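Q: Sequence unavailable; structure follows:
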């Protein structure tokens, strides 16, 4: 390595509530020579960090300003209301936003939900952060509606939560600068999408179509050999029925034909 070369690395930003552990583990197994560094960011900071090059990719909450950014939506979270354990809502399995009409619903400045109209009654002041709002819920000041992962992140023994219907939902996406779609970014996209270690975009587009042709040739050869050996005509002239059976049972029949 010359003095001008920089060892490869991958920086992954993530917002509160997202747990990237599984994907980081797979990355370390597949690319042990490329260290992955986690960069915690707030939902509001995430797009700016990506545009400024502070991370190669990141888990963000939608919606975001996609100027200069690409994004792949991954999943949608359940929305819940955080309440004291002795609150009346704790006695039911789920509530609607209408059920919160008489409650003071806290609305932190870092709220990740895209509300058109906040349910319930507003607090005198908006808490700075979700963590501050959780403290107010514990003090009996009001309730808080958040994505379920944030309720788990800020878990307290004296609090619980219940699903809320009729509330906006938070969507988590993988985002990166669209002009910086590097090989390492492509590798991480593949990990998040569940591609195996041997599956790449090139193999999927090029090599995969040729593989079924080889299998069909092998099945035809196996059928011809069975017919030549005087076996039941049904086995050799089954046509599409034989092909369906091979797909259901794997390569067992062609294998016996070669013996």
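A: Sure thing, it's come through. These numbers were taken from a predicted model, which means no experiment stands behind them.
Q: Low-confidence stretches in the stretch 151-259 of the chain?
A: 199-259 (pLDDT under 70).
Q: likewise the stretch 1-150 of the chain?
A: Scanning the stretch 1-150 of the chain for pLDDT under 70 picks out the ranges 1-6.
Q: quick one, helices of it?
A: Using DSSP state H, counting those that start in this stretch, the helices of the stretch 1-150 of the chain run over 21-30, 46-51, 130-138, 148-153.
Q: Out of these, which is closest to residue 123?
A: The closest of the helices of the stretch 1-150 of the chain to residue 123 is helix 130-138. By CB to CB, the value is 7.6 Å. C-beta coordinates here come from the backbone N, C-alpha and C atoms, glycine included.
Q: so what secondary structure elements neighbour the closest one?
A: strand 79-84, strand 105-106, strand 143-147, strand 159-165 (3 or more CB pairs under 8 Å, 6 or more residues apart in numbering; DSSP states H and E).
Q: what about residue 191, neighbour count?
A: The number of residues packed near residue 191 is 21, by other CB atoms under 10 Å.
Q: do you know how far it is from residue 37?
A: Using CB to CB, to the nearest Å, residue 191 is found at 16 Å from residue 37.
Q: Quickly note the distance from residue 147 to residue 124.
A: According to CB to CB, residue 147 and residue 124 sit 25 Å apart.
Q: The two: which is more packed in?
A: residue 147 (26 against 6).
Q: Is that one bridged to anything, and to what?
A: Residue 147 has the following beta-bridge partners by DSSP bridges: residue 79.
Q: Can you lay out the helices of the stretch 1-150 of the chain as TSV showing mean neighbour count and distance to residue 168?
A: Converted to TSV, the helices of the stretch 1-150 of the chain look like this (neighbours: other CB atoms under 10 Å; distance: least, CB to CB, whole Å):
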stretch	mean neighbour count	distance to residue 168
helix 21-30	14	26
helix 46-51	19	19
helix 130-138	19	15
helix 148-153	20	13
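Q: Indicate which one of these is closest to residue 78.
A: Ranking these by their distance to residue 78 (criterion: CB to CB) puts helix 148-153 first, at 4.5 Å.
Q: Can you classify residue 184 by secondary structure?
A: At residue 184, secondary structure determined by DSSP: H, G, I helix; E, B strand; the rest coil is helix.
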